[in-house]
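*Asks:* Any chance you could fold what I've pasted below:
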Amino acid sequence: HPIAPGMLGGEWTALDPQDDLAKKFAKRLPGLWRASGAGATLTVRFRGTALAIYDVLGPDSGQVEIRLDGKPTGKQERFDAYCTYHRLAKLMAASGVPEGEHVVEVTLSGESFDKAAILAKRNQKIDRPERYAPLNWHAGAVLVVGELK
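*Replies:* Numbers count the residues shown, from 1 in each chain. Next up is the predicted model:
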């Protein structure tokens, strides 16, 4: 399911489909949104047992905090040792939850972390610091085992 503006709170930008990043992933993600401010939240209500967010990882990716039914379930860096370029990924926000109605909130934390150390695991280095400085989150679609509410 595409992400609808009503699911978003805080600092989000709909990327222009002709923009390089949105254009690159347009076949898989007809809409792509960028969260660029700490506290930007994607809220999804669903009935079912699992929910994931189809997103894009890259040099400018940050960390998100996940809440399920109002309870924190953890933080995830949307950055790994392969983030010298942008690529599709899947954020599991809820899995194996009891059948029923649930609310998932994914919030951009704004917390920084050591991207250079993460890249070093694959003997990669930060080439241009300005590419790695932002702590964004790019979200494009919701995958649900069940139905959106």
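
*Asks:* residues in contact with the helix or strand bottoming out on mean pLDDT in the chain?
*Replies:* Ranked by mean pLDDT, DSSP states H and E, the weakest helix or strand in the chain is helix 20-24, scoring a mean of 90. Helix 20-24 has contacts (Cβ atoms under 8 Å, 6 or more residues apart in numbering) with 15, 16, 17, 29, 31, 32, 56, 58, 86, 138. Using the backbone N, CA and C atoms, a C-beta is placed for each residue, glycine as well.

*Asks:* Helices of this structure, start to end?
*Replies:* With helices called from DSSP state H, the chain shows them at 20-24, 115-120, 129-132.

*Asks:* Now tabulate these in a markdown table and tack on mean neighbour count.
*Replies:* Below are those laid out as a markdown table (neighbours: other Cβ atoms under 10 Å):
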| stretch | mean neighbour count |
| --- | --- |
| helix 20-24 | 15 |
| helix 115-120 | 16 |
| helix 129-132 | 13 |
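
*Asks:* can I get those helices in CSV with distance to residue 49?
*Replies:* Formatted as CSV, the helices of the chain follow (distance: least, Cβ to Cβ, whole Å):
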stretch, distance to residue 49
helix 20-24, 31
helix 115-120, 32
helix 129-132, 36
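
*Asks:* Residue 149: which of those is closest?
*Replies:* Comparing the helices of the chain by their distance to residue 149 (Cβ to Cβ), the top pick is helix 20-24, with 27.0 Å.

*Asks:* distance of the residue nearest to residue 119 when sequence neighbours are not counted from residue 148?
*Replies:* If the residues on either side of it in the chain are set aside, residue 119 comes closest to residue 81, at 5.9 Å by Cβ to Cβ, 6 or more residues apart in numbering. Separation of residue 81 from residue 148 (Cβ to Cβ, to the nearest Å): 33 Å.

*Asks:* Residue 75 too?
*Replies:* Distance from residue 75 to residue 148, by Cβ to Cβ: 24 Å.

*Asks:* Take the contacts of helix 20-24 and keep only those in strands.
*Replies:* Mapping the contacts of helix 20-24 onto strands (DSSP state E) picks out 56, 138.

*Asks:* Name the nearest of the contacts of helix 20-24 relative to residue 110.
*Replies:* Of these, the one sitting nearest to residue 110 (Cβ to Cβ) turns out to be residue 138, at 15.5 Å.
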